[in-house]
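Asks: Below are the sequence and a predicted model for it; my questions follow.
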Amino acid sequence: MQPEKNRSTEQQRYTRYMTHNYSFKSMVKKYVNSSAVLIICTIFALVFANSPLKDEFLSFWNQEVCLSIGNFNLFSHNGHPMTLIQVINDFLMAIFFLSVGLEIKREILVGELSSAKKAMLPIIGACGGMLIPVIFFWLTCPNDPDMMRGVAIPMATDIAFSLGVLSIFDKRVPISLKIFLAALAVADDLGGIIVIALFYSSTIDINYLLLSGACIAVLVIANHKKIMSKNFYLVVGLVLWYLMLNSGIHSTIAGVIVAFCVPGSLRKSAVRYIERIKENISGFNDVHVTGKHHTAILTHEEIHKLKSIESAADKLISPLQELEDRLHNIISYFIIPLFAFANVGIDLSVMSIGSIFGGIGLSVIIGLVAGKFIGVFTFSWIAIKLGIVQLPQGADWKSFASVCMLCGIGLTVSIFIADLSYAALGSGTTLLAEAKLGILCGSLISAVVGCLLLNKYLPKKA
């Protein structure tokens with residue numbers, strides 16, 4: 001009984017070490033690289049939307065898309081084929097939220113949200129960063145029910161852009177501040193997911209909803225039974241996506257549900273697989289090298305040992321980590337850039353200066369620039385002064401405030417919420433364009449001001 005307990009403890013320690021070691025360094029690297037691609041796609045979208053090809057560019061996204069087997073079309077909503085922009089926003093973004101869900105689960109299990117001590121400051125900051133921008137938007141937006149639908153737009157912090165900006169200062173930034181910003185953005189994403197689930201659903205179809213519940217039950221049971229096949233969760237997840245799309249619950253929530261059901265642990269003790277690898281390596285004979293091209297000739301026994309090592313190494317990675325890693329390039333270099341390219345194109349020729357200095361545009365800018373900064377900094381300051389949490393190690397109040405300014409960089413999720421808020425309205429085209437312009441301007445202001453503050457208040461040398 002005791003050896004079994006020791007193996008279980010060893011497995012938990014190993015999994016915690018491997019996952020946490022992977023998490024933060026790879027997260028920063030991933031988002032820093034993808035932020036450059038995202039900026040390029042944003043610029044191209046604006047150029048195309050204001051070029052002589054703008055009509056073709058804007059109409060291209062309204063083409064119908066079909067993926068049919070007989071009379072069944074996967075890309076159909078309420079019996080109608082989805083357009084290309086709908087496939088991007090509803091299907092591809094569900095994959096994005098699958099990745100976000102995996103990231104959130106990992107952080108909760110072994111990352112910066114895994115304990116009250118670690119999670120308290122970024123969660124408190126995130127709460128302020130969601131509440132205060134909503135209040136600012138509500139106070140400054142014209143009293144129009146249609147316009148007020150976008151009250152949640154300035155809630156989100158874009159983790160790719162914010163970490164990308166912070167990376168400019170490299171080693172001048174204390175690692176604790178990078179961790180704070182990344183964890184806060186993850187908590188922000190979780191808040192955004194909850195808002196989308198609660199407030200951006202349409203008329204509920206009870207039949208599809210019941211079938212969705214059955215799918216979720218299958219996923220939960222599979223997790224409990226420790227089914228480790230990633231393909232199983234993806235196939236059931238695809239079915240769940242279609243059912244939720246037609247149930248009235250926003251379909252991207254399916255990605256988060258699937259993520260939370262993917263196992264984050266190993267079926268058997270990690271020690272067992274490590275011992276198998278050590279045993280095979282220790283019994284591996286010298287490889288015979290022949291020929292001028294250094295061709296390695298292996299015996300059947302050596303090939304078997306190598307395959308055993310490979311198999312054991314694969315089993316040391318949990319389905320959660322492996323799926324998150326495999327989705328990395330798809331999300332960072334295809335889905336998010338394509339989302340930006342399809343959604344950020346704003347025809348500036350039909351907009352006036354009032355689009356920035358009045359209406360929704362101004363409310364979004366105030367929410368992102370002032371609301372996010374005041375919300376994150378004030379809530380964090382109160383919690384630190386009350387002794388609930390501590391200021392990140394190696395940071396002072398000025399550098400901490402500078403990082404709080406970067407929280408106003410909102411793009412991907414903000415634009416996504418803006419589309420949910422206004423795209424379906426009769427007057428939604430103008431409102432959506434104004435909201436997008438406000439998001440771009442507010443994010444740019446937050447980035448520039450944040451950079452100036454960081455350059456002034458961070459140590460001049462690492």
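Replies: Nice, thanks for sending it over.
Asks: Distance check, the spatially closest residue to residue 394 that is not a sequence neighbour against residue 105.
Replies: Nearest non-adjacent residue to residue 394, counting by CB to CB, 6 or more residues apart in numbering: residue 174, 3.4 Å away. Backbone N, C-alpha and C define where each C-beta goes, glycine included. Applying CB to CB, to the nearest Å, the value for residue 174 to residue 105 is 27 Å.
Asks: for residue 219, what are its contacts?
Replies: Residue 219 sits next to 233, 236-237, 240, 257-258, 261 when contact means CB atoms under 8 Å, 6 or more residues apart in numbering.
Asks: Now flag whichever of these is closest to residue 311.
Replies: Closest approach to residue 311 among these (CB to CB): residue 233, at 20.8 Å.
Asks: Tell me how many other residues crowd the spatially closest residue to residue 344 that is not a sequence neighbour.
Replies: Closest residue to residue 344 apart from its sequence neighbours, by CB to CB, 6+ apart: residue 45 at 4.3 Å. Applying other CB atoms under 10 Å, we find 20 residues neighbouring residue 45.
Asks: cool, residue 143 as well?
Replies: 7.
Asks: I'd like the mean pLDDT over stretch 119-129, please.
Replies: Confidence over stretch 119-129, taken as the mean pLDDT, stands at 92.
Asks: same question, stretch 141-161
Replies: Averaged across stretch 141-161, pLDDT comes to 86.
Asks: same thing with stretch 307-326?
Replies: Per-residue scores along stretch 307-326 average to 78.
Asks: okay, how far is it across that stretch, tip to tip?
Replies: Terminal residues of stretch 307-326 are spaced 21 Å apart (CA to CA, to the nearest Å).
Asks: Can you mark which positions in that stretch are buried?
Replies: Buried residues in stretch 307-326, defined by neighbour count with 16 or more other CB atoms under 10 Å: 309, 312, 315-321, 323-324.
Asks: got any ranges where this protein has weak pLDDT?
Replies: For the chain, the stretches flagged by pLDDT under 70 are 1-33, 267-273, 277, 282-299, 312-315, 350, 352-355, 426-428, 461-462.
Asks: Now the residue most central in space within it: which helix or strand?
Replies: Nearest to the mean C-alpha position of the chain, by CA atoms, centre = their mean, lies residue 100 at 3.6 Å. Assigned by DSSP states H and E, residue 100 falls within helix 93-110.
Asks: Output that helix as CSV, restricted to C-alpha atoms.
Replies: What follows is helix 93-110, C-alpha atoms only, in CSV (Å, rounded to 0.1, in the frame of the first residue of the first chain):
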residue,chain,number,x,y,z
MET,A,93,-13.5,30.6,-32.5
ALA,A,94,-14.9,27.6,-30.7
ILE,A,95,-11.5,26.0,-31.3
PHE,A,96,-9.9,29.1,-30.0
PHE,A,97,-12.0,28.9,-26.8
LEU,A,98,-11.1,25.2,-26.6
SER,A,99,-7.5,26.3,-26.4
VAL,A,100,-8.4,29.1,-23.9
GLY,A,101,-10.2,26.5,-21.8
LEU,A,102,-7.3,24.2,-21.8
GLU,A,103,-5.0,27.0,-20.7
ILE,A,104,-7.4,28.0,-17.9
LYS,A,105,-7.7,24.4,-16.7
ARG,A,106,-3.9,24.0,-16.7
GLU,A,107,-3.5,27.3,-14.7
ILE,A,108,-6.1,26.1,-12.2
LEU,A,109,-4.5,22.7,-11.8
VAL,A,110,-0.8,23.6,-11.5
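Asks: Show me the contact partners of it.
Replies: 15-16, 19-20, 23, 27, 113-114, 183, 186, 189-190, 193, 237, 241, 251-260, 262, 264, 320-321, 323-324, 327-328, 330-331, 335-336, 339, 412, 416.
Asks: Neighbours of residue 351, how many?
Replies: Using other CB under 10 Å, residue 351 has 15 other residues around it.
Asks: same deal with residue 76?
Replies: Residue 76, neighbours per other CB under 10 Å, totals 18.
Asks: is it true that it touches residue 82?
Replies: Yes - contact criterion CB atoms under 8 Å: residue 76 and residue 82 qualify, at 6.4 Å.
Asks: Closest one to residue 66 out of the buried residues of stretch 307-326, please.
Replies: Proximity of those to residue 66 (CB to CB) peaks at residue 323, which lies at 27.8 Å.
Asks: what helix or strand does the closest one sit in?
Replies: Per DSSP H and E: residue 323 is located in helix 319-330.
Asks: tell me what that helix is packed against?
Replies: helix 2-49, helix 93-110, helix 230-247 (3 or more CB pairs under 8 Å, 6 or more residues apart in numbering; DSSP states H and E).
Asks: Past the first one, which element shows up next along the chain?
Replies: What that stands for is helix 2-49. Where DSSP H and E defines the elements, the next helix or strand beyond helix 2-49 is helix 54-60.
Asks: can you pull the buried residues of that next one?
Replies: residue 57.
Asks: Please enumerate residues in contact with it?
Replies: By CB under 8 Å, 6+ apart, helix 54-60 touches 48-49, 51, 84, 345, 347.
Asks: CA atoms only: put it into PDB for me.
Replies: Listed next in PDB are the C-alpha coordinates belonging to helix 54-60 (Å, rounded to 0.1, in the frame of the first residue of the first chain):
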ATOM      1  CA  LYS A  54     -13.200  47.000 -50.500                       C
ATOM      2  CA  ASP A  55     -16.600  45.800 -51.900                       C
ATOM      3  CA  GLU A  56     -15.100  42.500 -53.000                       C
ATOM      4  CA  PHE A  57     -13.200  42.200 -49.700                       C
ATOM      5  CA  LEU A  58     -16.300  42.800 -47.500                       C
ATOM      6  CA  SER A  59     -18.600  40.700 -49.600                       C
ATOM      7  CA  PHE A  60     -16.200  37.800 -49.700                       C
END
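Asks: gap between that helix and the chain center?
Replies: Centroid separation for helix 54-60 versus its chain: 28 Å, with CA atoms, centre = their mean, to the nearest Å.
Asks: got CSV for the buried residues of stretch 307-326, with distance to residue 155 too?
Replies: Below are the buried residues of stretch 307-326 laid out as CSV (distance: CB to CB, whole Å):
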residue, distance to residue 155
309, 47
312, 44
315, 40
316, 38
317, 34
318, 31
319, 31
320, 26
321, 29
323, 27
324, 24
